[in-house]
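>>> fold the following.
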Amino acid sequence: MGCSTVPSLRDRSSGVLLHPTSLPGRHGSGDLGGEARAFVDFLAEAGQRWWQMLPVAPPGYGESPYAAQSAFAGSPMLVSPDDLARDGLLDEKAADSLPAGRVFYVAMAAHRERLLDAAFDAWRARPARRADYDEFCASNEHWLDDYALFRALKRAHGGVQWTRWEPALKRREPRALATARDAHARAIAFEKLTQYFFDRQWRALRAYAAERGVGLIGDVPIFVAHDSADVWQNPDVFFLDGDGEPTVVAGCPPDYFSRTGQRWGNPLYRWKRLAKSGYAWWIERLRNMLARFDALRIDHFIGFERYWRIPATCPTAVDGKWMKGPSTDFFRTVREALGDLPLIAEDLGAVTPAVFALRDRFRLPGIKVLQFAFGHDPSAPTFMPHNFPRRAVVYTGTHDNDTTLGWFRDEGDGRSTRTFAQTQAEREATLRYLGTTQTGGEEIHWDMIRLALSSVANLAIVPLQDVLGLGTEARMNRPGTESGNWAWRFEAGALRAEHASRLGTMTRTYGRIA
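Have a look, this model is predicted:
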């Protein structure tokens, strides 16, 4: 196949939201191998120009990709064992399979780590592409060395967070670090090689997608996890006490998703210290992400203008308060260093005119979620398509929402954020707006996909669950809960030619195919 063109966020286009772990496959979760390439083929066949993902970093607490162990590393669990076998680093017969279905993280991680360990031994016995590996290590030295040591030390300490390590390691005393590098040399080498495997497979997948005219959209959480290589390596730019524990943490006030707000628990940045360095850490982070993706969604964009600061001793987010973020100075500095960036501002939540002004000053598209258009919130009209600007990204729903079918059928039970009366009123308002009151919403997911695609927003993104017409059982995340999330996968064979045809026809009808 000849070279194709990856789209721009300014193009009228569309795409699908799917985290790679949700792909089918025989190793307990999706990865960067053959099923990922097959999904790219589906996107191209359906006229979709974008594949949007959640963060692809190593997940941490609760298996959340938004609580990663590194803002720079790739998840080892996304490395494809089948592609390693194809490269001669694994015996295909030895690479046994796990049952299909949801991701069971403990079993999946043990299975994949065993295979990665075998591939590591095979590579060490017969190092392939050594020059390429050495170049990878050299160009990523600024984060890779400390990340590999961090992972090795976590293993050696039974997985406990870094603030519970020996004081000399916790404080990163040079002599202690040097001793640890010698003592854990094999584990460090394993982590570095695993990152090389990830990088090599990622570059191959991105090139495969680009050849088919499909761009990749990544996700950049504004905050990082406390138990991460980032905080351990850079404690001076976070609000920490003498033991390395956060004194204040991030979250958001009570909103649509949670009556007590969301206490995320991430340590907060010392923005003034970051500003003195020219935001060097952030610029390296964005440079790393732009080497991986064609566009980036900035999660919790609001936090750059103002952020919700919660005392670390508070169990919920109710007692937090708003603090001023770095605002214009940050984005001006980043633009001077990296140029105009293909960024999407996730501007949902307690948005103020100052947040919109910051977004518009740098001409960033904001986000419109159709599920928010028909409720009782005062901001609901801004999510109605007839009020959209062109510089926007419209979603039927996001990873934090129920699926369209689940949302529409919600009866306002104990697990819902809405009452029965509210769900009834939203259903009626939705059907009136769609003009489908006679059918009762039997294909509400396709009705909402059509609404997104037909809007004036430059970019429309649809979660794959909506293309497949799945209900609440396929929900990816329920904000404010700590278990049962991030585990959904679609079944092999679930994506059929009729899905591609129907989505492609609709996409073409509304002028989103070049």
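
>>> mind checking pLDDT for Leu98?
pLDDT, Leu98: 89.

>>> distance check, Ser13 against Arg181.
For Ser13, the distance to Arg181 equals 47 Å [CB to CB, to the nearest Å]. Heads up, the C-betas are built off the backbone N, CA and C, glycines and all.

>>> what's the answer for Ser75, then?
Distance of Ser75 to Arg181, computed by CB to CB: 24 Å.

>>> who's more crowded, the two?
Per other CB atoms under 10 Å, whichever of Ser75 and Arg181 has more neighbours is Ser75, with 24 against 15.

>>> can you give me the first-to-last residue distance of stretch 335-344?
Stretch 335-344 has its terminal residues 14 Å apart, counting by CA to CA, to the nearest Å.

>>> again with stretch 28-41
End-to-end distance for stretch 28-41: 22 Å, by CA to CA.

>>> what about it, distance to the chain center?
17 Å (CA atoms, centre = their mean, to the nearest Å).

>>> mind listing what's buried along that stretch?
For stretch 28-41, burial by neighbour count (16 or more other CB atoms under 10 Å) applies to Gly28, Ser29, Gly30, Asp31, Leu32, Gly33, Glu35, Ala36, Arg37, Phe39, Val40, Asp41.

>>> number of nearby residues for Ser64?
Burial of Ser64 is recorded as 18 neighbouring residues (other CB under 10 Å).

>>> sorry, that was for Glu166
Counted with other CB under 10 Å, the neighbours of Glu166 add up to 12.

>>> so what's it closest to, chain neighbours aside?
Nearest residue to Glu166 in three dimensions, chain neighbours excluded: Ala176, at 7.2 Å (CB to CB, 6 or more residues apart in numbering).

>>> so who does that neighbour touch?
Applying CB atoms under 8 Å, 6 or more residues apart in numbering, we find Ala176 in contact with Glu166, Ala168, Leu169.

>>> what about it, which SS state?
Here Ala176 is recorded as helix under DSSP: H, G, I helix; E, B strand; the rest coil.

>>> with Leu296 instead?
strand.

>>> looking at the protein, which helix is longest?
Scanning the chain for the helix with the most residues, using DSSP state H, yields helix 185-211.

>>> list the buried residues for that one?
The neighbour-count check on helix 185-211 (16+ other CB under 10 Å) flags 187-188, 190-202, 204-206, 209-210 as buried.

>>> wait, which of the contacts of Ala176 is closest to Asp134?
Within the contacts of Ala176, proximity to Asp134 (CB to CB) peaks at Leu169, which comes in at 27.6 Å.

>>> now that closest one: closest residue in space that isn't a chain neighbour?
Per CB to CB, 6+ apart, closest to Leu169 is Ala176, 5.2 Å.

>>> how far away is that neighbour from Leu149?
Taken as CB to CB, the span from Ala176 to Leu149 is 11 Å.

>>> look up phi and psi at the residue positioned nearest the centre of the chain.
In the chain, the centroid-proximal residue (CA atoms, centre = their mean) is Leu54; its distance is 2.0 Å. In terms of degrees, to the nearest 10, the main-chain angles of Leu54 are phi -80, psi 180.

>>> test my guess that it contacts Val220.
No - the criterion here is CB atoms under 8 Å, and Leu54 misses it with Val220 at 10.8 Å.

>>> against Leu205, how distant is Met53?
Taken as CB to CB, the span from Met53 to Leu205 is 11 Å.

>>> apologies, that question was intended for His499.
21 Å.

>>> one more: Cys137?
21 Å.

>>> residues near Pro65, how many?
By the criterion of other CB under 10 Å, Pro65 has 23 neighbours.

>>> go on, Glu443?
14.

>>> find the residue closest to it in space, skipping its chain neighbours.
Closest to Glu443 by CB to CB, 6+ apart is Gly469, at 7.5 Å.

>>> ok, that neighbour touching Arg409?
No - look at Gly469 against Arg409 with CB under 8 Å: they stay out of range, at 11.7 Å.

>>> touching, Ser70 and Val231? I think so.
No - look at Ser70 against Val231 with CB under 8 Å: they stay out of range, at 10.2 Å.

>>> so how far is stretch 43-63 off the chain centroid?
Chain-centre distance of stretch 43-63: 7 Å, with CA atoms, centre = their mean.

>>> which stretch of helix or strand covers Val462?
Assigned by DSSP states H and E, Val462 falls within strand 459-463.

>>> got a list of what Gly325 touches?
Gly325 touches Trp271, Gly303, Phe304, Glu305, Arg306, Tyr307, counting by CB under 8 Å, 6+ apart.

>>> would you confirm that the last one contacts Pro326?
No - if you go by CB under 8 Å, Tyr307 and Pro326 don't touch, sitting 9.8 Å apart.

>>> looking at the two, which one has more neighbours?
Just comparing Tyr307 and Pro326: by other CB under 10 Å the higher neighbour count belongs to Tyr307, 25 against 21.

>>> separation between the residue nearest to Gly484 when sequence neighbours are not counted and Val318?
Among residues not flanking Gly484 along the chain, Arg478 sits closest, at 7.3 Å (CB to CB, 6+ apart). The gap separating Arg478 from Val318 is 19 Å, by CB to CB.
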